[in-house]
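S.K.: Sequence and predicted model, in that order:
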Amino acid sequence: MAGDIKIHIQNFGLRYSDGTESLHDITLDIYARQINVLFGPAGGGKSTLLRAMNRLNDLTDVVEQTGHILLDGEDITRPGYDIVRLRRRVGIVFARPVVLPMSIYRNITYGLELAGIRDKATLDAAVTRSLQQSALWEEVHDRLGDPAHALSGGQQQRLCLARVLALQPEVILLDEPTSGLDPISTAKIETTMQELKSDYTFVIVPHSVQQAARVADWASFFLQGELIEHGVGREMFLKPKHTRTEDYITGRFG
Amino acid sequence: MTRTKPPRLSRQTSQRIAFALITLAAIVVVAPIFFIVGYIVYQGISAISWEFLTAYPHNGMKEGGLLPAIVGTLWLTLGTAVVAVPIGIGAAIYLSEYAKDNALTRAIRVAIINLAGIPSVVYGLFGLGLFVIFLNFGTSILAGSLTLGIMTLPVIISTAEEALRAVPQSFRLVSVSLGGTRWQTIRRVVLPQALPGIITGVILGLERAAGETAPILFTVAAFFLPRLPKSIFDQTMALPYHLFVISTQVPGMPIHIQYGTALVLLIFVLSMNVLATLIRNHYRKQRFW
C-alpha cells in the first residue's frame, strides 16, 4: 500500500538549548493520502518532528538543526524558504484546543483573511465546507456569530480542525488532538480523519497506543529522539519487529 | 534541660493584634485622600459657577474664570497624547513582540526605568534647552507637548508592554500556524486583546501629564494670557501653572478662587482616572482568558 511520498525526512536532527527534547538522525517517509502515526513515550521527539514539518520550531529555541525535510521534493528547511506559504500547505492542530478570541465564523475565516481573501461568498462557502468536514456544522450552523470560546472542549477542537481545513492544506499535522477530549469527541475526530484522508495527508501524534493502533495506515515508533521502527500500521501493531516496540505496545513500559 | 517557653500571647490574640494594625495602616492610607478631596471641595465649591468655567480672568485674575487655562490644559493633554501614544505603543510592541534578550534591549529597558525616575523639573529644563531654545520652537504648545510627551513615555511603554505580554502565547502560535506573519498576528490578535490595558495605561500617563507644573513652567505656560491659543506655536495658560501663580504670585487672591481652581484641576484629573477604570472593567468582562 505504499503510495506517493508527500514528505521525505532525510537525516534530520535537532537540539534545543535546554537539551530537553531532541531528534537524532531521523530518516522517514510520510505517505500522501494516508494516516501517518508517530508514536512512543513522552519526550521521544514526536511533537518536535511534527512541528519541524511546518517550521513552527522556528519560534522556539532551537540550537542546532541538521538534515533536510522535503515537501513534494522541495527542501523546506533551507534558509529563505517561504514559511508563510508552507504553513498554508501544512496545517496543524494542537493538543489543547486554542480558539482565537473571535466568533466561530471568524475563527474559520481567519487564515483565509490572512491570505488576502475578502470575498464574502468564498468565505461563506469555506466556513460551510470546513464545518461539515469536521462534523461540527449540525451543532453550530445557526450560531456562527457566537464567540468560539462558548463551545465545549470537543467542539472547540473540531473548530480548530475546521480552521485548518478552511485553508485546504495538503498536509494536516495533529499533535495529540484528542488528549483532553471525551470518547465521543475523540471518535468524531478519528472518523473525520478517515473520511478526509482521500484528499489530505495526515500526520498524527496520538495520545495513546490504542489510538495509534486504531488509526495508523503507517506507524513510526520513536524512543528518546530516535526512530526505532517504521512500517505499515496493521503489521507493526500485530507483529512488531523490534523488542522495544513490542515492549511499548504491550505496555511493558510507557 | 530543654523546655519550650510558653508563648506570652495566645495565637488568637497575636492574630487579632496583627489584623488590627494592618487595618489601621489601610485606614491611614485612605484617610488623607478623603481629607484632601474634602477640604478642596469645602474651600473651593463656592467658586464654581458657569462663569468660572467659561469666562476669561480679569481684574488681576481675582475675578472672572479659567477658560484659557482649561482650554490650554486640554490642548497640552491632546498634544502629549499625539507625541507619546504612537511612540510609546510602538516601543512597547517592539519590546514585547520583537526584542531579543540582548545588550540593546537591556539598554532600552534601563533607559526607560531611568526616564521614569527623572524629576519633572529636570524635564522642564531639558525641554527649555532642546525644544524652546535649540530647536527654536519658542515657548509654545509644541515645546510643552514634546516635553510632557517624553515625560509620559515610560508610563505608557511599561503599561502597554505589560498588557501585550498578558495576551496568551498560544494565540500567537495559532495565528502563525495558520499562515500569519508576525505583524498580522500582532495587528489582528495581540493588539486588539491588549487594547483595554493599553488604553488604561495611556489615560493614566496623560492624567499625570495634565497635572504637572514643572515641565510646562519653562516650555509653554503663560503667566497671564487672557485669550485662547491660535496655533501650536502659541503660548497658553494651563491649570496647574495657573494654580501655582494665583497661590504664590498674586497678593490678595481670594482663597475660594485658589481652591476652586484646584477643584477644577482635580475633577479634570480624577475624571480621566474614572474613565480609565470604566474602560478596563468594561473590557475585562468580555475577556475569557
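M.R.: Everything's here; your move. Numbering: from 1, shown residues only, chains lettered A, B, ... in the order given.
S.K.: Can you show me the helices along chain A?
M.R.: Secondary structure of chain A by DSSP state H: the helices cover A:46-52, A:83-89, A:104-114, A:120-133, A:137-140, A:153-165, A:183-196, A:209-215, A:233-238, A:243-249.
S.K.: in stretch B:136-146, what's buried?
M.R.: By neighbour count on 16 or more other C-beta atoms under 10 Å in any protein chain shown, the buried set for stretch B:136-146 is B:137, B:139-146. (C-beta placed from N, C-alpha, C; glycine too.)
S.K.: so who does residue 173 touch?
M.R.: Picked chain A for this. A:50-51, A:53-54, A:90-93, A:203-204 (C-beta atoms under 8 Å, 6 or more residues apart in numbering or on different chains).
S.K.: that's the other chain; I wanted chain B
M.R.: By C-beta under 8 Å, 6+ apart, the neighbours of B:Leu173 are A:56, A:59, A:94, A:98.
S.K.: Chain B next: which of the residues you listed are close?
M.R.: A:56, A:59, A:94, A:98 (C-beta under 8 Å from any C-beta of the partner chain).
S.K.: Filter those residues down to just the buried residues.
M.R.: A:56, A:94, A:98.
S.K.: Show me which of these is closest to chain B.
M.R.: A:Val98 (4.3 Å; C-beta to the nearest C-beta).
S.K.: What is the least confident helix or strand in chain B?
M.R.: strand B:63-64 (a mean of 80; mean pLDDT, DSSP states H and E).
S.K.: for chain A, what are the low-confidence residue spans?
M.R.: A:1-2, A:19-21 (pLDDT under 70).
S.K.: mind redoing it with 90?
M.R.: A:1-3, A:14-22, A:24, A:42-45, A:57-66, A:79-80, A:179-181, A:185, A:224, A:250-254 (pLDDT under 90).
S.K.: In it, which residue sits nearest chain B?
M.R.: In chain A, no residue comes nearer to chain B than A:Gly111, which is 3.7 Å away by C-beta to the nearest C-beta.
S.K.: Is it correct that A:Phe253 is in contact with A:Thr243?
M.R.: No: A:Phe253 is beyond contact range of A:Thr243, at 11.2 Å (criterion: C-beta atoms under 8 Å).
S.K.: circling back: in a markdown table: the contacts of A:Leu173, plus neighbour count.
M.R.: Listed next are the contacts of A:Leu173 as a markdown table, based on neighbours: other C-beta atoms under 10 Å in any protein chain shown:
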| residue | neighbour count |
| --- | --- |
| A:Leu50 | 22 |
| A:Arg51 | 21 |
| A:Met53 | 23 |
| A:Asn54 | 25 |
| A:Val90 | 28 |
| A:Gly91 | 26 |
| A:Ile92 | 24 |
| A:Val93 | 26 |
| A:Val203 | 26 |
| A:Ile204 | 27 |
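S.K.: Now tabulate those in CSV and tack on distance to A:Gly13.
M.R.: Output for those, formatted as CSV (distance: C-beta to C-beta, whole Å):
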residue, distance to A:Gly13
A:Leu50, 15
A:Arg51, 15
A:Met53, 15
A:Asn54, 18
A:Val90, 20
A:Gly91, 25
A:Ile92, 21
A:Val93, 26
A:Val203, 19
A:Ile204, 22
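S.K.: If we check chain B, which of those are in contact?
M.R.: Within the contacts of A:Leu173, those near chain B by C-beta under 8 Å from any C-beta are A:54, A:91-92.
S.K.: Among these, which one sits closest to A:Gln133?
M.R.: Distance to A:Gln133 across the ones next to chain B among the contacts of A:Leu173 (C-beta to C-beta) is lowest for A:Gly91, with 12.5 Å.
S.K.: which residue sits closest to that closest one in space, ignoring its chain neighbours?
M.R.: In space, and not counting its chain neighbours, A:Gly91 is closest to A:Val164: 3.5 Å by C-beta to C-beta, 6 or more residues apart in numbering or on different chains.
S.K.: try B:Gln184
M.R.: Closest to B:Gln184 by C-beta to C-beta, 6+ apart is A:Leu114, at 5.4 Å.
S.K.: ok, now A:Phe237?
M.R.: Per C-beta to C-beta, 6+ apart, closest to A:Phe237 is A:Ala213, 4.3 Å.
S.K.: tell me the contacts of B:Phe224?
M.R.: Here B:Phe224 is in contact with B:57, B:61, B:237, B:245 (criterion: C-beta under 8 Å, 6+ apart).
S.K.: actually B:Val264, sorry about that
M.R.: Applying C-beta under 8 Å, 6+ apart, the residues contacting B:Val264 are B:48, B:52-53, B:66, B:70, B:239.
S.K.: Give me the subset of the buried residues of stretch B:136-146 lying in helices.
M.R.: Per DSSP H, the buried residues of stretch B:136-146 map to helices at B:141-146.
S.K.: now the strands: where do they sit in chain B?
M.R.: B:57-58, B:63-64 (DSSP state E).
S.K.: and of those strands, who's closest to chain A?
M.R.: Closest to chain A of the strands of chain B, according to C-beta to the nearest C-beta: strand B:57-58, at 50.8 Å.
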